[in-house]
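*Asks:* Need a 3D model of the sequence below.
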Amino acid sequence: MNTLSVVMIPLAGTAIGSLMVFLVIKKINQKIEKALLGFAGGVMVAASIWSLIIPAIDMSPGYGKLSWLPAVVGLWAGIALLLITDKAADYLEKKSIVTLRGKGLSHTGMMLLAIVIHNIPEGMAVGVSCAGALQGDTGVTMAGAMALAVGIGIQNIPEGAIVSMPLYTAGLSKSKSFFYGVMSGIVEPIGAVLTILLAKLILPLLPYLLSLAAGAMLYVVAREIIPDINRGKHSLTGLLGAGLGFSTMMILDVALG
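*Replies:* Okay, the predicted model is just below:
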């Protein structure tokens, strides 16, 4: 039961952040919308660096001077994954196989995908800590695993908000936007449980998975968010929002370890 409660903490943070959608009005002022979009981009860039790339490098001491290799390989794998997804969406749209780009859901859909990919290795990191605590001879305690989960849960609060609120402004109801916001975090406890069960197999791949998630998030920021911030009026507001989002996430990541 202690392990189950630990692996559910990050999802709780995502749910709290997703609740923010119930505080917004239907028609958001364009200036506020640019600020929120910039904030989302800043959060994603900071999370890519401090939550994903740096830990991936720290987990690769066995590579010696090539400890950067898993991070670089994973980063480009994440970029390639999102690029293929983007091109596949364009192809399906052109062939009228399915409508994916309507009603302003393009960048919000890509952002949702990137957040989901980012959440998988975070859940696995919690799973690794829990597996170490359950094994008993690794120096990792369940209290330490809980501290990590709480840290990730607090970091997930702004991430839940940047999923649910854009979905609402793009046309979904508040309840559906909240639901999808929460569902973006459901992969964390799933990833944690699978990692606990398969710890010896998954652990060597974790640096690659962390940096893969970083590559996916950076792709979305560069491909979708930055162009949207600079399109039309209030680009400076978007830039300030990006700085605020980056600094907020950086403080959370560094302060909470």
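*Asks:* And the pLDDT at Lys94?
*Replies:* Reading off the confidence values, Lys94 has pLDDT 66.
*Asks:* wait, what's in contact with the nearest residue to Lys34 once chain neighbours are set aside?
*Replies:* Spatial nearest neighbour of Lys34, chain neighbours left out: Gly238 (4.0 Å); criterion: CB to CB, 6 or more residues apart in numbering. Bear in mind the C-beta positions are built from the backbone N, C-alpha and C, glycine included. Neighbouring residues of Gly238 by CB atoms under 8 Å, 6 or more residues apart in numbering: Lys34, Ala35, Leu37, Gly38, Asp228, Ile229, Asn230.
*Asks:* One more pass at 7 Å, please.
*Replies:* Counting by CB atoms under 7 Å, 6 or more residues apart in numbering, Gly238 touches Lys34, Ala35, Leu37, Gly38, Ile229.
*Asks:* Show me the two of those that sit farthest apart.
*Replies:* Ala35 and Ile229 (9.5 Å; CB to CB).
*Asks:* where does the stretch 51-200 of the chain have low pLDDT?
*Replies:* Applying pLDDT under 70 to the stretch 51-200 of the chain flags the ranges 89-108, 132, 135-141, 144.
*Asks:* tell me which strands and helices the one helix or strand Val73 maps to is in contact with?
*Replies:* Taking DSSP states H and E as the definition, Val73 sits inside helix 69-94. Applying 3 or more CB pairs under 7 Å, 6 or more residues apart in numbering; DSSP states H and E, we find helix 69-94 packed against helix 54-58, helix 206-220.
*Asks:* Which other helices and strands does the first one contact?
*Replies:* When you say that, I think you mean helix 54-58. So helix 54-58, by 3+ CB pairs under 7 Å, 6+ apart, packs with helix 69-94, helix 206-220.
*Asks:* next structured bit after the shortest one?
*Replies:* Tracing the chain past helix 206-220, the next element assigned as helix or strand by DSSP H and E is helix 226-230.
*Asks:* distance between that following helix and the chain's centre?
*Replies:* Centroid separation for helix 226-230 versus its chain: 20 Å, with CA atoms, centre = their mean, to the nearest Å.
*Asks:* Check stretch 196-207 too.
*Replies:* 20 Å.
*Asks:* Give me the buried positions along it.
*Replies:* Buried residues in stretch 196-207, counting neighbours by 16 or more other CB atoms under 10 Å, are found at Ile196, Ala199, Ile202, Leu203, Leu206, Pro207.
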